[in-house]
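Student: show me how the following folds:
(one chain, ligands or ions: 3)
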Amino acid sequence: MKLWKHIEHLRNTAPLVHNITNFVVMNNSANALLAIGASPIMAHAKEEVPEMVKISNALVINIGTLDPTFIEGMLLAAKTAHELGKPWILDPVGAGVSHLRNSTIQKLLEYHPTVIRGNASEVVAVSSATGIKSKGVDSSMNSSDAVESGKELHKNLGTIVCISGATDYLISKGQIFEIQNGDPMMTKVTGLGCSLSAVLGAVLGASGADPEAIASVVAYFGISGELAKGLGPGSLQVQLLDHLYSIDQSTFENRLKICSYTW
Ligand SMILES: Nc1ncnc2c1ncn2[C@@H]1O[C@H](COP(=O)(O)OP(=O)(O)O)[C@@H](O)[C@H]1O
Ligand SMILES: Cc1ncsc1CCOP(=O)(O)O
Ligand SMILES: [Mg+2]
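Tutor: Ligands and ions are numbered 1, 2, ... in the order given. Predicted coordinates:
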């Protein structure tokens, strides 16, 4: 698989990515988007969200820190993106933890996200919240349960599903990519999953709902984390930006650990 072209295209396109995200990761996500070659804008007020969606190439909605104003802006943004055919990604942070999160997810799913990106727990919880049969949130730490839930979500919603973890999975129509890049230390830095969702927004803005392009950026992000690993989480958080910015084709291709198969 020649995947580097997707990274080059993203850098050459410099997509404008509209983010409605959480307070914890706003800065991380904006910097990750800049580092990978995209242009971020964070805006959630209902009074300006339709204009922001219109001028942007993609939308990222992340439910990490909800409040009524954010929820109103998210629903209007998702509605606008759906009506305009703009790609958008949902990061269902903490799915299953509260009724507020589950109910917000269900309302957002009515606007057909292009991609859902969550960890194993979140993907199983989203499928449970939508009434899709799953083995319950507790078993979600088992990635094979999460993959089954992801397949159900894809079959029922038509959404591409990215499940992050020790192995990242990208589930699309008839095809699964498995990506083994990344480092366990990445789980010790808050906001890396959210930053991954943000940069997937960038590749949606550059390449649309192209599973190979999306998988390329999943791998690219994991490789950035591998290279950023130093003394501990502090240096990883900072050095991740340097590697998102500077990884070249030979480094990417030498480190890439990806396979795909049909289902
Ligand atoms: N055990 C692991 N080994 C290697 N990489 C990991 C591991 N866990 C998570 N990652 C990587 O960390 C990033 C964030 O994923 P994750 O921690 O699953 O998201 P979240 O922060 O939303 O829970 C992804 O790039 C993923 O590949
Ligand atoms: C800790 C926390 N609480 C609400 S949002 C958030 C950040 C989550 O970031 P990530 O899912 O990337 O770890
Ligand atoms: Mg997360």
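Student: enumerate the residues of the chain near ligand 2.
Tutor: Asn22, Val24, Val25, Gly64, Thr65, Val93, Thr190, Gly191, Leu192, Gly193, Cys194 (CB under 6 Å from any ligand atom). Heads up, the C-betas are built off the backbone N, CA and C, glycines and all.
Student: quick check: buried residues in the one helix or strand Gln237 maps to?
Tutor: Assigned by DSSP states H and E, Gln237 belongs to helix 233-246. Within helix 233-246, the residues scored as buried using 16 or more other CB atoms under 10 Å are Pro233, Leu236, Gln237, Gln239, Leu240, Leu241, His243, Leu244.
Student: take the residues you listed and lay them out in TSV including distance to ligand 3 and pLDDT.
Tutor: Output for the buried residues of helix 233-246, formatted as TSV (distance: CB to the ion, whole Å; pLDDT from 0 to 100):
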residue	distance to ligand 3	pLDDT
Pro233	15	97
Leu236	16	98
Gln237	15	97
Gln239	20	98
Leu240	15	98
Leu241	18	98
His243	20	98
Leu244	17	98
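Student: what about the helix holding Gln237, near ligand 1?
Tutor: No. Using CB under 6 Å from any ligand atom, helix 233-246 never reaches ligand 1; the gap is at least 9.8 Å.
Student: so what does that helix touch, helix or strand wise?
Tutor: helix 26-36, helix 192-207, helix 211-228 (3 or more CB pairs under 8 Å, 6 or more residues apart in numbering; DSSP states H and E).
Student: how far off helix 233-246 does the last one point, in degrees?
Tutor: To tie it back to what came earlier, the one meant is helix 211-228. 130 degrees (axes from the mean of the first three to the mean of the last three CA atoms, to 10 degrees).
Student: quick one: is helix 211-228 near ligand 3?
Tutor: No. Helix 211-228 lies out of reach of ligand 3 by CB under 5 Å from the ion, never closer than 13.0 Å.
Student: got a list of what the residue in the stretch 151-263 of the chain that ligand 1 sits nearest to touches?
Tutor: Here the residue of the stretch 151-263 of the chain nearest ligand 1 is Gly193; by CB to the nearest ligand atom that distance is 2.0 Å. Gly193 sits next to Asp91, Val93, Arg117, Gly118, Asn119, Ser164 when contact means CB atoms under 8 Å, 6 or more residues apart in numbering.
Student: quick check: the farthest pair among those residues?
Tutor: Val93 and Ser164 (11.9 Å; CB to CB).
Student: of those two, which one has the most company?
Tutor: Ser164 (27 against 23; other CB atoms under 10 Å).
Student: measure the more buried one to Glu226 for me?
Tutor: 14 Å (CB to CB, to the nearest Å).
Student: can you show me the helices along the stretch 1-150 of the chain?
Tutor: In the stretch 1-150 of the chain, the helices defined using DSSP state H, counting those that start in this stretch lie at 4-13, 26-36, 49-55, 68-84, 99-109, 120-129, 143-157.
Student: now the last one against helix 99-109, angle please.
Tutor: Angular relation of helix 143-157 and helix 99-109 on a 0 to 180 degree scale: 50 degrees, by the same axes, to 10 degrees.
Student: quick revisit: so which of the helices and strands packed on helix 233-246 is nearest Ala43?
Tutor: Nearest of the helices and strands packed on helix 233-246 to Ala43, taken as CB to CB: helix 26-36 at 10.9 Å.
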